[in-house]
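Novice: below are the sequence and a predicted model for it; my questions follow.
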Amino acid sequence: MTLKSPTHHLRNRALRCIGLAAVLALCLGVCCLAQGAAVTVTPTSSSHSNTLLLIDGKAVEVESMKVAPRGTQMMIWIRELEKLGWGEVQPGSPEQVIFKAESVTLTFVKEQSVALVNSLPVQLPIPTYVRDGRLMVPLSFVAKALGYKYECAQHTVAQITTTATKVLPTGDNSVTGKVTYAGKDAVGIVVRIVDADYRLIQAAAATTAEDGSYRIENLPDGEFRAYVYIKDNPSYFNRASDKVVLKDGQTVEVPPITLGRVLTPLKPKIGESVMPAGGRIELSWSECQGAASYKVVVKKAGAAEVVAEVVSEEPKAQIADTKLDTNAVYEVKVTALDEEGEFLGGTEGVGGTPWTFTVTRFTNITDA
C-alpha cells in the first residue's frame, strides 16, 4: 500500500533518521488527549522488531514493539516503558513482572489475560506473551492504567499523550455508600471516584463519617466506581465498588465496600538474609484487628509448590529450617481471617512488594 503526499514524504524523512527501510500500513489504535505532549508510534515491516516512535515530533528508536497477530493491538516489551520514563520494572519472579509508576502499580503474568492495577484484577484486551525472552504487554492497557486517554480508529499510527487526564465537567449526579471493615463501620476512609478504566476523577472524593458513610456530589453523566485507594489509606488494600451509571441528576447508592488491611512484615525484613536459630526461622508481622487466625504460606520465589504452611492465632510463626535450602530466596504470604474464616487482610504480595527472605547457614571448613 502506498501512502500519498504529504504523509508519504514525512514518513520517508522520519525513517531515514533511524535507518529503517519500510513501513507496513496497518490498522492500529489512535490514542489521544486534548492537551499535552504527543507520542506517535508507527510499525515497521513484520520482519523487524523495531518501530518508529515520535515523542513531541522527535524520532526515538524503540527496540521491541509489535502489532499483535490479530492486528488490532500494539504489544510493547515491558522494559520499553522504562525508556519512555513511565515507571520502573521491579525485581520479581520469572512468571510475574511488576511495573511501578508514580501512582499506579501494574502486575503482569506471562500468557495471562488478566493483570492487576494496584491490587485490582482487570481484563486485558489481549493476553501477554513472551517473544525472544521478552514479556510483551498491551500498550493500550498500560496507557489507560496510567491515566492516559486511548481511542481507537482506523489509522496507520498510534498516538499517546502522557499528561494528566483532563478534569471532567461537573454535573448534578451523586454517589453515596458505606465502607466497612471486619463487619464494622470504617471511619475516616478517603473514598474517590474512578471511571470505567479505573482512572481517578480529579476533585471527586469524600471521607467516611462516624457511621462509615460517604457522599460524593457534582458528578457528570457516565459510568463510575467508588474507589478506596491505598495511597490515601496506606493501611488498607485498594478496593472498588460495582460500576454504576449516572445520568439526569441521579443519586445512586453503591453496595458497601469491605476493606482488607495491609499487614507489614516485621521479621525478617523484606529481602533480608536469615540464619536459622535452633533449627527454625521465626516470622512475625503487624497485628490485624479482629483476626482470629493467620494462614502462613511459604514458597520458593517464582515457584508454585508450597514449602511450608502453618496456621497461627498470633501474628508470628516458626518454619523448620529443614524445609529450606541454603541461599535460596523464599516468599511469604500471610492471610488474616476472622472467626468465620473470612478475609480481613494480608501481606501485600501481588500488586506490591513481595515479602521475601534468603536462607544463610555457617559453612564448616576443615583441613584436608
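Specialist: Looks like it came in fine.
Novice: for the stretch 151-300 of the chain, which spans come out with low pLDDT?
Specialist: Residues of the stretch 151-300 of the chain meeting the criterion pLDDT under 70: 151-170.
Novice: whichever strand or helix holds I76 pairs with which strands, parallel or anti?
Specialist: Per DSSP states H and E: I76 is located in strand 74-77. Here strand 74-77 is paired, per DSSP bridges, with strand 65-67 (antiparallel), strand 134-138 (antiparallel).
Novice: which of these sits most buried?
Specialist: Across the strands paired with strand 74-77, the average number of neighbours (mean count of other C-beta atoms under 10 Å) peaks for strand 134-138, which reaches a mean of 22. Just so you know, the C-beta spots here come from the backbone N, C-alpha and C atoms, and that holds for glycine as well.
Novice: list of residues touching it?
Specialist: The contact list for strand 134-138 (C-beta atoms under 8 Å, 6 or more residues apart in numbering) reads 64, 66, 68, 73-79, 97, 108, 110, 115, 124-126, 128-130.
Novice: tell me the buried residues within the residues you listed.
Specialist: Buried members of those, counted by 16 or more other C-beta atoms under 10 Å: 64, 66, 68, 73-78, 97, 108, 115, 124-126, 128-129.
Novice: so F141 sits in a helix?
Specialist: Yes. Under DSSP: H, G, I helix; E, B strand; the rest coil, F141 falls within a helix.
Novice: name the nearest residue to it, ignoring sequence neighbours.
Specialist: Closest residue to F141 apart from its sequence neighbours, by C-beta to C-beta, 6 or more residues apart in numbering: L124 at 5.5 Å.
Novice: now do L26, the pLDDT please.
Specialist: Looking at L26, its pLDDT reads 32.
Novice: that older thread, contact partners for the residue nearest to F141?
Specialist: Counted by C-beta under 8 Å, 6+ apart, L124 has contacts Q112, S113, V114, A115, V137, P138, F141.
Novice: how about the strands in the stretch 1-150 of the chain?
Specialist: Using DSSP state E, counting those that start in this stretch, the strands of the stretch 1-150 of the chain run over 28-30, 38-43, 51-55, 58-62, 65-67, 74-77, 88-90, 96-100, 105-109, 114-117, 120-123, 129-131, 134-138.
Novice: ok, back up a step: so can I have TSV of the strands paired with strand 74-77 showing mean pLDDT?
Specialist: Converted to TSV, those look like this (pLDDT from 0 to 100):
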stretch	mean pLDDT
strand 65-67	72
strand 134-138	88
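Novice: will you turn those into a markdown table that also has distance to M275?
Specialist: Formatted as a markdown table, the strands paired with strand 74-77 follow (distance: least, C-beta to C-beta, whole Å):
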| stretch | distance to M275 |
| --- | --- |
| strand 65-67 | 46 |
| strand 134-138 | 35 |
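Novice: now for those, which one comes closest to N218?
Specialist: strand 134-138 (33.4 Å; C-beta to C-beta).
Novice: between that closest one and strand 96-100, how many degrees?
Specialist: Orientation of strand 134-138 against strand 96-100 (axes from the mean of the first three to the mean of the last three C-alpha atoms, to 10 degrees) gives an angle of 60 degrees.
Novice: got the buried residues for stretch 89-105?
Specialist: V89, G92, S93, Q96, V97, I98, F99, A101, V104, T105.
Novice: pLDDT on it, on average?
Specialist: Mean predicted lDDT for stretch 89-105 stands at 83.
Novice: how far is that stretch from where the chain is centred?
Specialist: Distance of stretch 89-105 from its chain centroid, counting by C-alpha atoms, centre = their mean, to the nearest Å, is 7 Å.
Novice: just use 49 as the starting number from now, easier for me
Specialist: Sounds good: first residue 49 from here, last item stretch 137-153.
Novice: alpha carbons only: can I get stretch 341-351 in PDB?
Specialist: What follows is stretch 341-351, C-alpha atoms only, in PDB (Å, rounded to 0.1, in the frame of the first residue of the first chain):
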ATOM      1  CA  SER A 341      -6.100 -16.700  62.900                       C
ATOM      2  CA  TYR A 342      -3.400 -16.200  60.400                       C
ATOM      3  CA  LYS A 343      -2.600 -18.500  57.500                       C
ATOM      4  CA  VAL A 344       1.100 -18.600  56.500                       C
ATOM      5  CA  VAL A 345       2.300 -20.000  53.200                       C
ATOM      6  CA  VAL A 346       6.000 -20.200  52.200                       C
ATOM      7  CA  LYS A 347       7.100 -20.900  48.700                       C
ATOM      8  CA  LYS A 348      10.400 -20.500  46.800                       C
ATOM      9  CA  ALA A 349      10.300 -17.200  44.900                       C
ATOM     10  CA  GLY A 350       8.800 -17.800  41.500                       C
ATOM     11  CA  ALA A 351       7.700 -21.400  42.200                       C
END
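Novice: list the contacts of that stretch.
Specialist: Counting by C-beta under 8 Å, 6+ apart, 140-144, 331, 333, 336, 353-363, 365, 367, 371, 373, 376-385, 402, 404 sit against stretch 341-351.
Novice: any of these buried? List them.
Specialist: With burial judged by 16+ other C-beta under 10 Å, the buried subset of these is 140-141, 144, 331, 333, 336, 355-356, 360, 363, 365, 367, 377-385, 402, 404.
Novice: distance of G270 from N375?
Specialist: 53 Å (C-beta to C-beta, to the nearest Å).
Novice: between these two, which has more neighbouring residues?
Specialist: G270 (16 against 9; other C-beta atoms under 10 Å).
Novice: which residue, other than its chain neighbours, is closest to that one?
Specialist: That would be L294: by C-beta to C-beta, 6+ apart, it lies 6.1 Å from G270.
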